[in-house]
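A.B. asks: sequence first, predicted coordinates after that:
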Amino acid sequence: PDSLLPYCFYSASIVGRLCGKPLCTEINKRMAITMILPGCGLAAPSRTNARCVLRPSQAKPLAHIRSRAVRRQRAVARRVACEADPDAAPVLCIGEALWDGLPLGLFLGGAPVNVAQHMAQLGVPTACVSCVGDDILGEEIRSRLLGRGVNCDFLQTDQKLPTGFVKVLMGDNGIPSYDIVQPSAWDSIQATPELLAAAASAPAVIFGSLAQRDAASAATIQAVFQASSRRVFDVNLRPPFIEKDKILACMQDLYLMKVNDEELVIMAEWIGEKFTDEQTVAAAYAKKFNIQNVCVTRGGKGAALWIAKSSTWIEHPGFGVTPTDTVGAGDSFLARLLSGLLDGEAPDSALAGANALGAFVATQNGATPIHNKDAINKLLSGSVLTA
């Protein structure tokens, strides 16, 4: 059945890795045609865009689809190269690189991967630090990131573990359930001397909490965390991978912490703070852990930023748009906010820009659409943006 195709491809990818790629090359190619390449170009396809997902009987030759994807990749890469300084040290985005498997196909995911692609589009030299398996899925992740101008020097390959995969199952009531496969290659990120040296010179290191579920990657993230002088923590509380002590250990001396309004309510109790309002809890975290900036996101209702140095609380109401696909909106928000702050932009302007980019992404298909500067500027000018 079509609904099983993503899992068949995942299984074939693993078999190809274990038994030798030549054994499963044709299976992998045919399934790659069906599940990954059509309709998605370079960015991940939308979960809601079923029309773009071809079935085996409709599949065109792999070379034909590849050629179109490669042309688009090169165009984007040239655009990014013109905006970024090739000699500048890259921002490091470290954590999970994975695929979401749904009945409609496979979708590239992982917050660090999404943030890296958005940062690169904003003209910020960026590197993805993760680990993929020695399989077709891992090769596809590397290909897409390189096509988006993301540095993959620290995208490691594990010879034993498969590329990260999330099984998404739809219940009879239409509510999805998630099974994040463990172990996966991104559970085994290694702290190489080259990586630690890059962390020491990086303008910023962005990391999250989900990727620290396994001891190996957790140790590497902690080592990179210690080597960096400007740390950005993107809190992501995903049951059952919520370890309070491990998360709190990442809070010390941050440049920026991003947390959503629901997570902030939970985290208030962790430091013995009774939740009264967002500003009070954000300020308490900043004081307790010496955090320079605490950003609280509110979904479609905007965001707020606590600046510890000036004890300033800045709020933005967000932009009223009709969302098409909200996946990746928060990641684009973080990319825009951080790029603005690193560039010396006024915090209120950076926050407005971050809300505008997040709103734009929510009106598009997929987590990492090509940025449309005209559409984003229309939002900032107060114009109504239609999907």
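C.D. replies: Ah, there it is.
A.B. asks: which secondary element of this protein has the worst mean pLDDT?
C.D. replies: Within the chain, no helix or strand scores below helix 21-35, which has a mean of 44 by mean pLDDT, DSSP states H and E.
A.B. asks: strands of the stretch 101-250 of the chain, residue ranges please.
C.D. replies: Per DSSP state E, counting those that start in this stretch, the stretch 101-250 of the chain carries strands over the ranges 105-109, 126-133, 155-158, 164-170, 176-180, 205-208, 231-234.
A.B. asks: give me the neighbour count for V361.
C.D. replies: Residues near V361, counting by other CB atoms under 10 Å, number 31. No exception for glycine: its C-beta is placed from N, CA and C like everyone else's.
A.B. asks: kindly apply the preceding question to A216 instead.
C.D. replies: 16.
A.B. asks: same question for D245.
C.D. replies: D245: 7 neighbours (other CB under 10 Å).
A.B. asks: which parts of the helix or strand harbouring V361 are buried?
C.D. replies: Using DSSP states H and E, V361 falls within helix 347-362. Within helix 347-362, the residues scored as buried using 16 or more other CB atoms under 10 Å are 347, 350-362.
A.B. asks: mean confidence for that helix?
C.D. replies: Regarding helix 347-362, the rounded mean pLDDT is 96.
A.B. asks: just the helices in the stretch 151-300 of the chain please.
C.D. replies: Ranges of helices within the stretch 151-300 of the chain are 193-201, 215-227, 244-248, 261-270, 278-289, based on DSSP state H, counting those that start in this stretch.
A.B. asks: mean pLDDT for those helices: which is lowest?
C.D. replies: When the helices of the stretch 151-300 of the chain are compared on mean pLDDT, helix 244-248 scores lowest, with a mean of 90.
A.B. asks: hey, C-alpha coordinates of that one in PDB?
C.D. replies: C-alpha atoms of helix 244-248 as PDB (Å, rounded to 0.1, in the frame of the first residue of the first chain):
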ATOM      1  CA  LYS A 244      15.400  18.500  33.400                       C
ATOM      2  CA  ASP A 245      18.900  18.400  34.800                       C
ATOM      3  CA  LYS A 246      20.500  17.900  31.400                       C
ATOM      4  CA  ILE A 247      18.600  20.900  30.000                       C
ATOM      5  CA  LEU A 248      19.300  23.200  32.900                       C
END
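A.B. asks: now it: buried residues?
C.D. replies: Neighbour-count burial for helix 244-248 flags I247 (criterion: 16+ other CB under 10 Å).
A.B. asks: now the strands of the stretch 101-250 of the chain in JSON lines, with mean pLDDT, distance to L195 and mean neighbour count?
C.D. replies: Below are the strands of the stretch 101-250 of the chain laid out as JSON lines (pLDDT from 0 to 100; distance: least, CB to CB, whole Å; neighbours: other CB atoms under 10 Å):
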{"stretch": "strand 105-109", "mean pLDDT": "82", "distance to L195": "22", "mean neighbour count": "26"}
{"stretch": "strand 126-133", "mean pLDDT": "98", "distance to L195": "7", "mean neighbour count": "28"}
{"stretch": "strand 155-158", "mean pLDDT": "98", "distance to L195": "9", "mean neighbour count": "20"}
{"stretch": "strand 164-170", "mean pLDDT": "77", "distance to L195": "19", "mean neighbour count": "19"}
{"stretch": "strand 176-180", "mean pLDDT": "69", "distance to L195": "24", "mean neighbour count": "12"}
{"stretch": "strand 205-208", "mean pLDDT": "96", "distance to L195": "10", "mean neighbour count": "26"}
{"stretch": "strand 231-234", "mean pLDDT": "97", "distance to L195": "15", "mean neighbour count": "24"}
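A.B. asks: can I get the ones you listed in JSON lines with distance to K309?
C.D. replies: What follows is these, written out as JSON lines (distance: least, CB to CB, whole Å):
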{"stretch": "strand 105-109", "distance to K309": "35"}
{"stretch": "strand 126-133", "distance to K309": "26"}
{"stretch": "strand 155-158", "distance to K309": "35"}
{"stretch": "strand 164-170", "distance to K309": "38"}
{"stretch": "strand 176-180", "distance to K309": "38"}
{"stretch": "strand 205-208", "distance to K309": "21"}
{"stretch": "strand 231-234", "distance to K309": "16"}
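A.B. asks: which one of the ones you listed lies closest to A97?
C.D. replies: Taking CB to CB, strand 126-133 is the member of these nearest to A97, at 3.9 Å.
A.B. asks: okay then, goodbye and thanks.
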